[in-house]
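In: dropping the sequence and predicted coords here.
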Amino acid sequence: MSVATTHDHHHDHHGPPRGWQRWVYSTNHKDIGTMYLFFALFMLFFGGAMAMYIRAELFMPGVQLASPDFYNNMVTDHALVMVFGMVMPAAAGMANWMIPMMIGAPDMALPRLNNLSFWLLPAAAILLMLSIVAPYIFPDGGTPVNTGWTLLPPLSVQNGIGMDFTIFAIHTLGVSSILASINIVTTILNMRAPGMTMMKMPLFVWAWFFTALLLIAVMPVLAGAVTMLLFDRHFGTSFFDAAGGGDPILFQHLFWFFGHPEVYVLLLPSIGVLGLVIPTFARKPLFGYKALVYGMGVLAALGMVVWAHHQYTIGMSLVATNYFMIGTILISIPVGLMLMNFIFTMWRGSMTFETPMLFGIAIILMFSFAGVTGVMLAVVPADMQYHDTMFVVAHFHYALIPGAVFGLYAGVFYWLPKWTGHMYNERLGQIFFWWTTISFNLTFFPQHFSGLAGMPRRIVDYSIQYTEFNMISSIGGFLFGLSHLLFLFIIIQTIRGGAKAPAKPWEGSQIGTPGLEWTLPSPPPFHSFTEAPVIK
Amino acid sequence: MNDAPLNRAELTAAKNKTVTRRLFLVVLGMFGFGFAMVPLYRLACEVGGINGVAGTPAGRVADTAAIPKPVDTSRVITVQLDATVNTGLPWEFRPLVKQIQVHPGEKVAVSYYAKNLSDQPITGQAVPGITPWQVTQHFSKIECFCFTQQVLQPGEAKEMPVYFTIDPAVDKQYATVTLSYTFMNTERDYTLTPAQHAAMNTSH
Ligand SMILES: [Cu+2]
C-alpha cells in the first residue's frame, strides 16, 4: 500500500505543525491517540501512588500515616483515577490510534470533537486533584471525599467542598467519554474503506463499538445522578434525603445502573486486544469470530440489566434479588464463550511467547479466576457473607487488572513497534511480564483469605489476626508498583530507539487481524489513507 | 484529486452529521431517563414493593378487629427500643426505657421522649423500622406518634407513646426484636404528601 501525500496547497498535509500547536490544536487521530496514552500513563502513576499509600497504611494494624478520612479519600480517588483517568483514556488512545488505520479511514469522523474530548481530560484531572486539597486550603473545607468511588448519600451530601470538585470532575470526564464514544461509533459506521464490511472488522474495532454504545447509554445516567447529588447539597432538593421524602437507595440504583456496564466498558477493549494478540502469536485465524462479536453484544446487553447485584444487602424484595442473581449468573455464559474461543484459537497453533502473548495467556487464566469468585458473589446468600469485605476487593482487582489493565499492556507491547517504528526490548518486556504477574498475585491473592475471614474493606485499621495477610499483600503491592518503573523505562527506550520495526512487526500480524494497519509502514505517516484503499 | 472522491467525502460528512445527531439524542434521552427514574422508582416501591424484603418494613398498622387474641404467656420476646435523630433536626429524642419484655399477643405501651432544642417551632416526622425483617409482618402498631407529624414549640418537650402487639404466630426463633425510629425534619423545601406519610408507615 502506497500512501500518497497529495501535492495540494494545504501545507499541513506535508506533516505536523511544529511546537506546542501541534498538540494543543491537534485534530490528527494519531497525535490525539498519543496524548491519550501519555495522559493515561501519567494517571497510572498518580493512581498507583495512592495505592502505594493504601498498602503502606495497611502494612500493619493501627493508624500510622494519616487520618482515617484521608485514607478513605485516597481509596475514593485511587478508584476514580484508575477507572476514569487511566483505563478509559488508555483504551481511548488505542482506539484513536488503531481504529482509523484498521478500517482504512483517513482520520476519525469528527476530528475537532476529538480534540475537545481529549483536552477535557486534563481539566478533569485538575478538578480531581483540587478535590483532594480543597478541604485543607478552603477555610470551611469540610471533610474530605471519604465515600468511596460510589459517592453514596447521605455521606456524600455531608462531605465538604471536595465533593463539589469531584462532582464537576465526573461531569467533565463524562462529557469527554461521551464525545469520544459518539466519535468512535460514527467513525466505525461511516468511515470504513470500501469493502471493509462490519463483519470483516478486526475484533478490537467491534469491541470498541460495543464499548462506545455502552458509554453513550450509561454515562448520561451517572451525570444525572451526580447532578441530583449537587442539587441535594446546595439547592435544598431531596432526591436522596429521607427527611424530605427522597430515598438514598435511589442513588445506589442510578449509580450501579452506570457502574455495572462500566465494568464492561473497562473490559471490552482489552477483550478486543486479546482477539488480535492471540491469533497473531498462535499463527491461526481467530476461532469463532462471529460468536465473539455476538457474544460481546450479548454481554453488553445483559450488562445493562443486572446492576442491583451490588445491592443485595439493602433489603430488596426476594423477587428482585432472585432476578438480579439469575441475570448475573447468566453473564458467565457469553464470558465463558469468549474465553473458550481464545483457547480454541490457541489449540494446535504454532505458538510463540512474546510479551503480548504472555499477557494474553495470563489474562485468560487470571480473569477466569475472577469469573469464579464473581459467580460466588452473585449468589445472594453467599454475598450476604462476602459483601463489603476484602474478598470483593480481591475479586474486582482480579477482574480489572488482568481483564482490563493487562489487556492494555498486551496492546502496548503489541503496537509499540507500529507506533514508534522501533522494536521494544523483548527481554525487558518478559521480565516486566513476570514481575507484574507474580507481584500482582502476591498482592491480591491473600485478600481472598482476609476477606473470607471477615476483614471489611474501606477501613483504615484492622484487627490483628489479619496482619500476616496484609503484610504479604503490601509487599506484593510495593513490588507491583515498582515494576511499573521498568514499564516506563521500556516505553521511553523504545520511543528513543531500537531495532527498526517492519510494517508487519510480527510474523503472524496479518493472521491476527484482517485490518489495514499492517499495510502501513512503522511508524505510519502523519496522514494515512488520504485516498481510500479498496479491500477485496 | 478528481471529483469522485470529493463527492464521496461530502457524502461521508453528511452521513456523519446524521449519525452524530442521532447519538446526541440518545445521550439526551438517557440523561432524561436518569431523572425519570425518580418517579419511576417511587412507583416501583409503592406498587411493586421492590425495595422491601418484608413488604412491610415498618410493621403493620393494627387492624383493631384482629387484636383480641390469646396472650401466649409461655414465652417472652425482648423488644429493644432505639432512637435516632436525623441531621438537620435540632431535637433530643430517646426512648424512656431501653428494652422491655413482652408476651406475644400482649398489648404493650412504651414511650419516647422528644424535646425541641431550638428557638423555633419545628415539625418532625418519625420513620419506624423493625429488625429482624421476618418479624415485621407480625408486629402491629395500634397507635404511634409516627402515624402523624409532630410539632414541637421552642424548648417544648413531649412524651410520645407507642401501643403495639406482637402476633403469637411469630416464629419462636425470634426472641429479640428491635423497634427503631428516626426523627426527620419536615421543614425543608420539599414536604411529604399525606399519601407518602401513609406509605412510610405501612410499606415502602
Ligand atoms: Cu456489577
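Out: Structure received.
In: where along chain B do the helices fall?
Out: Applying DSSP state H to chain B gives helices spanning B:3-43, B:194-201.
In: skip the chain neighbours and tell me the closest residue to the residue in chain B positioned nearest to chain A.
Out: Here the residue of chain B nearest chain A is B:G34; by C-beta to the nearest C-beta that distance is 2.8 Å. For every residue, glycine as well, the C-beta is placed using N, CA and C. In space, and not counting its chain neighbours, B:G34 is closest to A:G224: 2.8 Å by C-beta to C-beta, 6 or more residues apart in numbering or on different chains.
In: what element comes up after the helix or strand containing that neighbour heading to the C-terminus?
Out: A:G224 is located in helix A:203-234, with elements delineated by DSSP states H and E. Downstream of helix A:203-234, the next assigned helix or strand under DSSP H and E is helix A:248-282.
In: is that next one positioned near chain B?
Out: Yes. Using C-beta under 8 Å from any C-beta of the partner chain, a contact is recorded between helix A:248-282 and chain B, made by A:249-250, A:253-254, A:257.
In: if we can go back for a sec, tell me the helices and strands packed up against the helix holding A:G224.
Out: Contact analysis of helix A:203-234 by 3 or more C-beta pairs under 8 Å, 6 or more residues apart in numbering or on different chains; DSSP states H and E lists helix A:88-103, helix A:155-158, helix A:162-190, helix A:248-282, helix A:289-303, helix B:3-43 as its packing neighbours.
In: next, the angle helix A:203-234 makes with the last one.
Out: Spelled out, that is helix B:3-43. Computed by axes from the mean of the first three to the mean of the last three C-alpha atoms, to 10 degrees, the angle separating helix B:3-43 from helix A:203-234 equals 40 degrees.
In: which strands and helices sit next to helix B:3-43?
Out: Secondary-structure packing of helix B:3-43 (3+ C-beta pairs under 8 Å, 6+ apart): helix A:162-190, helix A:203-234, helix A:248-282.
In: I'd say the residue nearest to B:G34 and A:L254 touch.
Out: Yes. Here A:G224 reaches A:L254: they are 7.0 Å apart, a contact under C-beta atoms under 8 Å.
In: between the two, which contacts overlap?
Out: B:G34 (C-beta atoms under 8 Å, 6 or more residues apart in numbering or on different chains).
In: for stretch A:51-71, what is the distance to the chain centroid?
Out: Relative to the centre of its chain, stretch A:51-71 is centred 26 Å away, using C-alpha atoms, centre = their mean, to the nearest Å.
In: I meant stretch A:21-40, not that one.
Out: Here stretch A:21-40 is found 19 Å from its chain centre; the criterion is C-alpha atoms, centre = their mean.
In: alpha carbons only: can I get it in PDB?
Out: As requested, C-alpha coordinates have been extracted for stretch A:21-40 and formatted as PDB (Å, rounded to 0.1, in the frame of the first residue of the first chain):
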ATOM      1  CA  GLN A  21       0.500  24.000  18.500                       C
ATOM      2  CA  ARG A  22       0.900  20.500  17.000                       C
ATOM      3  CA  TRP A  23      -0.600  19.100  20.300                       C
ATOM      4  CA  VAL A  24      -2.900  21.700  21.600                       C
ATOM      5  CA  TYR A  25      -4.700  22.300  18.300                       C
ATOM      6  CA  SER A  26      -4.300  18.700  17.100                       C
ATOM      7  CA  THR A  27      -7.100  17.100  15.100                       C
ATOM      8  CA  ASN A  28      -4.900  14.200  14.000                       C
ATOM      9  CA  HIS A  29      -6.100  10.800  15.300                       C
ATOM     10  CA  LYS A  30      -2.500   9.600  15.800                       C
ATOM     11  CA  ASP A  31      -1.400  12.600  17.800                       C
ATOM     12  CA  ILE A  32      -4.600  12.600  19.900                       C
ATOM     13  CA  GLY A  33      -4.100   8.900  20.500                       C
ATOM     14  CA  THR A  34      -0.600   9.500  21.700                       C
ATOM     15  CA  MET A  35      -1.800  12.300  24.000                       C
ATOM     16  CA  TYR A  36      -4.400  10.000  25.400                       C
ATOM     17  CA  LEU A  37      -1.800   7.300  26.100                       C
ATOM     18  CA  PHE A  38       0.600   9.600  27.800                       C
ATOM     19  CA  PHE A  39      -2.200  11.100  29.900                       C
ATOM     20  CA  ALA A  40      -3.200   7.500  30.900                       C
END
